[in-house]
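Trainee: Here you go, sequence then predicted model.
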Amino acid sequence: GELALENLFTLDVPPQASTSISESDIINGAIIALHSLLIMGMQAGVRGTPTQLERMFEHLLTQRKSGGNNGSERDPINYTRKLKYDRDTTAGIHILALLKRKRNAQGAFDLLVSLGAWNKHEDLALLRSGFPIRFTEKEEEAANKAENNVRDPDSLLGLRKDLRKLKVYTIDAASTSEIDDGLSVQAFTDKDGALRQRFWIHIADADKWAPRGSEIIQTAQRRVTSLYLPMGSVPMFPSRLSVGCMSLKANHDTCALSLGVEILPDGAIDVSSIILVPSLIRVTYRLTYDSADEMLEEGVGYSEEWQLGALLSAATRRRTYRAKNGSTEGLVRVQIPQGSVNVQKDPSKEDGLAISLSIEDSNNSGANSTSGAAGYVSLSSSSSPLPYAPPLSASNLLVTEMMIMAGEAMGKWGMGIGEGFELPYRCQVKPDFIGRQQEANNLSLLKESNKGNGYCAAWYLRRFLRPVQVKKESLPHAGMGLECYVQWTSPIRRYSDLQVHAAVKRHLRRKRVDEMITKGVPIPPQITATDLGGPISQPPDSDNETKSKQISVAHNGQDEAPIDFLEGQGLVRAARQLQRRSQEYWVFEYIKRQMKDLAPGDELVFECTVLGIINLDRMQYAIYINELGLEHRYLSEKGELKEGQTLLLKVADVNSLMGLLTLKWT
């Protein structure tokens, strides 16, 4: 679309006769009109009050004021965000009137499609969000510079530990290209002769390539997160970094931030065992979830690759431990699976696109995953409550629990540092079952009756769950059943995780520099104040104790390239809404294609499960469309329905752009 609009101004226009209107005035006017049309067209399908619309766009203003290039409105990205926030449609309405088209968002959308600026499947939610969808030349140059940067403060200070002797597994979806986590098991004998296991979680050291104060980190600051949409991903970093040097590629020496930890018999973390170091690792196996599951099912994960079996055993203990501590896994039997759409180019299709839909079950919830003797996971292929739901995946559980354990261990490590060191703790208060006794009783009845194969209880539980907050204090995360939790395992995809890496490594560097000054060891001249988060103070004529005190005080003073853990939270929220809206659009397109393929006179009918009542006066219910993995609202034409009731509903109408799906009784 951007290229199509740019091409409008590349025509070789012959010189005109003398006129009072200059060529630049005409071009400026055309640009203003197109801007206005684009802003109008973006609103197609948007529903809500003026106040709701203001909230929808408020992150653009906040990000523009605090974003890259110091918020300069001359920056192309900030200028675009200003246009989208202001939403000036005056010129667009005038153009539509002259062309005798509808003077509304749909009219602007239709005009832009007919011009070739957009296609009929243009992702308007993505355009409204303000996320840059292309990297500028300046950003690509910064990425090239970062890729060729050999400077490593952690190696200079002797902090980077060589862990290449460990066997490292990465386990991801087959389509994943940004590999940011790996797992290892280290078996050793302690001084008493007991055999012990240390579990290592290796996370890509993105901070080495995008350090604080660098040009390339501004690219991440503008985006805050990678986007994962049905038509493809929009990465936070250019691919030469995210898929290249940052990624934990197999059979390559790569830099990581590695956390080692031991687990107690009940699944709790042994806090005294936590090790956190910048490292150099070499990934041994790049596995997919399917291949890891196969290795576990066939026994290879318990013989030649015994580390996989050890990781799964630890993961099941961890799941049981968290469930006993009140996590959502211990509150409901299952989680409601969700449909996921993938769109690929296919010349054989009418619009050149093929749509596929799969239903995914998260191993981040569901007490059925912790049942059985000693709390070990039951992962039979028939464990899915409904035929459309996928079977539980051992490797998915393994990775989920290891990443959650890494978050808890990081939080506990941070708690042990003491005053002056901060991390962004994700906190969630416990559900108030006592204060809402009647609703709690309803939940218990739904669980006991197993209505809707457990989906009704999972849906009803949500009313008790409070929003997650990010705080400096290490408060509990009730939903995970943890005393503390810090998110840091996806620094290639989440800017907030990258911030944690920077804070942790600055602390480790300051500690090492303090030790060097105390021992009278010279600090490498390449180390800067930005590496440490503050200026170095090394007086020439003082005893070692005085030197140590002075440098510690300096580091807690003026910060260089300060870290704000709440930076970009508006864009993070916008990203969640965008990803949900894009998924919904393509699910509805999937339904439209199914309807188009029907024989004359046939109807598209779906089996649905009633999850619960939303509004009794309107007879509005939450339903789950089993075949699509889709939760939807349904106005009953047959009066009152029962939780867990199975319905056969036909599609009466579907409008992808407006986000509308109407179902009727068959």
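Mentor: Received, thanks. Residues are numbered from 1 along each chain as shown.
Trainee: isn't V113 right next to L124, touching?
Mentor: No - here V113 lies out of contact with L124, judged by C-beta atoms under 8 Å, at a distance of 11.4 Å. (C-beta placed from N, C-alpha, C; glycine too.)
Trainee: Neighbour count for those two, which is higher?
Mentor: Between V113 and L124, counting by other C-beta atoms under 10 Å, L124 is the more crowded of the two (22 against 16).
Trainee: Would you check that the more buried one makes contact with A44?
Mentor: Yes - between L124 and A44 there is a contact at 6.0 Å, judged by C-beta under 8 Å.
Trainee: Am I right that I536 is in a helix?
Mentor: No - residue state for I536 (DSSP: H, G, I helix; E, B strand; the rest coil) corresponds to coil; a helix is not indicated.
Trainee: Show me what the host helix or strand of Q307 is packed up against.
Mentor: Following DSSP states H and E, the helix or strand that holds Q307 is helix 306-324. In terms of contacts (3 or more C-beta pairs under 8 Å, 6 or more residues apart in numbering; DSSP states H and E), helix 306-324 is packed against strand 168-172, strand 181-189, strand 195-204, strand 253-263, helix 289-297, helix 394-415.
Trainee: pLDDT averaged over that helix, what's the number?
Mentor: Model confidence over helix 306-324 averages 96 on the pLDDT scale.
Trainee: Residues contacting it, please?
Mentor: In this structure, residues lying in contact with helix 306-324 by C-beta atoms under 8 Å, 6 or more residues apart in numbering are 167, 169, 183-185, 197, 199, 263, 265-268, 292, 295-296, 300-302, 329-330, 367, 369-370, 374-377, 394-395, 397-398, 400-402, 404-405, 480-482.
Trainee: Would you tell me what the next helix or strand after the helix of greatest length in the chain is?
Mentor: As assigned by DSSP state H, the longest helix anywhere in the chain is helix 569-596. The C-terminal neighbour of helix 569-596 among helices and strands, as given by DSSP H and E, is strand 605-615.
Trainee: tell me the angle the helix or strand just after that next one makes with helix 569-596.
Mentor: Tracing the chain past strand 605-615, the next element assigned as helix or strand by DSSP H and E is strand 620-625. With axes from the mean of the first three to the mean of the last three C-alpha atoms, to 10 degrees as the basis, strand 620-625 and helix 569-596 are set at 70 degrees to each other.
Trainee: Test my guess that P476 contacts C484.
Mentor: Yes - contact status for P476 versus C484: in contact at 6.9 Å, counting by C-beta under 8 Å.
Trainee: quick one, which of the two is more surrounded?
Mentor: Set side by side, P476 and C484 show more neighbours around C484, with 23 against 18, by other C-beta under 10 Å.
Trainee: Leaving out chain neighbours, which residue sits closest to that one?
Mentor: Once flanking residues are discounted, C484 sits nearest to G411: 3.4 Å by C-beta to C-beta, 6 or more residues apart in numbering.
Trainee: Give me the nearest residue to N342, chain neighbours excluded.
Mentor: Of all residues not flanking N342 in the chain, S356 sits nearest, at 5.0 Å (C-beta to C-beta, 6+ apart).
Trainee: so what pLDDT did that neighbour get?
Mentor: Turning to S356, the model gives it a pLDDT of 94.
Trainee: what do you get for G182?
Mentor: Note on G182: pLDDT of 97.
Trainee: same question, G1
Mentor: pLDDT, G1: 54.
Trainee: which residues of the stretch 351-500 of the chain score low on pLDDT?
Mentor: Within the stretch 351-500 of the chain, the stretches falling below the threshold (pLDDT under 70) are 362-391.
Trainee: And the helices in it, which stretches?
Mentor: Under the criterion DSSP state H, counting those that start in this stretch, the stretch 351-500 of the chain contains helices at 394-415, 437-449, 455-461, 495-519.
Trainee: Of all the residues in the last one, which ones are buried?
Mentor: Within helix 495-519, the residues scored as buried using 16 or more other C-beta atoms under 10 Å are 495-510, 512-514, 516-517.
Trainee: what do you get for stretch 656-663?
Mentor: 656-657, 661, 663.
Trainee: pull the helix or strand with minimum mean pLDDT from the protein.
Mentor: helix 544-555 (a mean of 44; mean pLDDT, DSSP states H and E).
Trainee: returning to what we had before: using JSON lines, lay out the helices of the stretch 351-500 of the chain together with distance to G213.
Mentor: Conversion of these to JSON lines gives the following (distance: least, C-beta to C-beta, whole Å):
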{"stretch": "helix 394-415", "distance to G213": "23"}
{"stretch": "helix 437-449", "distance to G213": "50"}
{"stretch": "helix 455-461", "distance to G213": "45"}
{"stretch": "helix 495-519", "distance to G213": "10"}
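Trainee: between these, which one is nearest to Q218?
Mentor: Distance to Q218, taken as C-beta to C-beta, is lowest for helix 495-519 among the helices of the stretch 351-500 of the chain, at 10.8 Å.
Trainee: circling back: burial count for the residue nearest to C484?
Mentor: Around G411 sit 25 other residues, with neighbours defined as other C-beta under 10 Å.
Trainee: Run through the residues that contact it.
Mentor: Under the criterion of C-beta under 8 Å, 6+ apart, the contact partners of G411 comprise 423, 425, 474, 482-486.
Trainee: next one: E483
Mentor: E483 makes contacts with 408, 411-412, 474, 476, as judged by C-beta under 8 Å, 6+ apart.
Trainee: Mind doing that once more with 7 Å?
Mentor: Residues counted as contacts of E483 (C-beta atoms under 7 Å, 6 or more residues apart in numbering) are P476.
Trainee: Tell me the pLDDT of the closest residue in space to L571 that isn't next to it in sequence.
Mentor: For L571, ignoring the flanking residues on the chain, the nearest one in space by C-beta to C-beta, 6+ apart is V224 at 4.3 Å. Confidence at V224, expressed as pLDDT, is 93.
Trainee: so who does V224 touch?
Mentor: If you count contacts by C-beta under 7 Å, 6+ apart, V224 has them with 495, 568, 571-572.
Trainee: got the residues you listed as JSON lines, with distance to T646 columns?
Mentor: Conversion of those to JSON lines gives the following (distance: C-beta to C-beta, whole Å):
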{"residue": "Y495", "distance to T646": "44"}
{"residue": "G568", "distance to T646": "44"}
{"residue": "L571", "distance to T646": "41"}
{"residue": "V572", "distance to T646": "38"}
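Trainee: ok, these vs L578, which is closest?
Mentor: Of all the contacts of V224, L571 has the smallest distance to L578: 9.7 Å, by C-beta to C-beta.
Trainee: Does N626 touch L611 like I think?
Mentor: No - contact status for N626 versus L611: not in contact, 11.5 Å apart, counting by C-beta atoms under 7 Å.
Trainee: Comparing the two, which residue is more hemmed in?
Mentor: L611 (26 against 21).
Trainee: how close does that one sit to W459?
Mentor: 4 Å (C-beta to C-beta, to the nearest Å).
Trainee: and which of the contacts of V224 is nearest to R466?
Mentor: V572 (18.2 Å).
Trainee: what number of residues lie near the closest one?
Mentor: 16.
Trainee: which stretches of this protein have low pLDDT?
Mentor: In the predicted model of the chain, residues 1-23, 50, 52-87, 362-391, 537-559 satisfy pLDDT under 70.
Trainee: run the last query once more with 50
Mentor: 11, 64, 66-71, 73, 364-385, 539-542, 544-557 (pLDDT under 50).
Trainee: circling back: relative to S233, which of the buried residues of stretch 656-663 is nearest.
Mentor: S233 lies nearest to S656 out of the buried residues of stretch 656-663, by C-beta to C-beta, at 21.0 Å.
Trainee: Surely that closest one and F588 touch.
Mentor: Yes - contact criterion C-beta under 7 Å: S656 and F588 qualify, at 4.1 Å.
Trainee: Quick one: list the elements packing against the longest helix of the chain.
Mentor: Helices and strands in packing contact with helix 569-596 are listed as helix 50-66, helix 124-129, strand 227-229, strand 338-345, strand 353-360, strand 646-655; criterion 3 or more C-beta pairs under 7 Å, 6 or more residues apart in numbering; DSSP states H and E.
Trainee: What is the second one packed up against?
Mentor: Read it as helix 124-129. Helices and strands in packing contact with helix 124-129 are listed as helix 23-42, helix 569-596; criterion 3+ C-beta pairs under 7 Å, 6+ apart.
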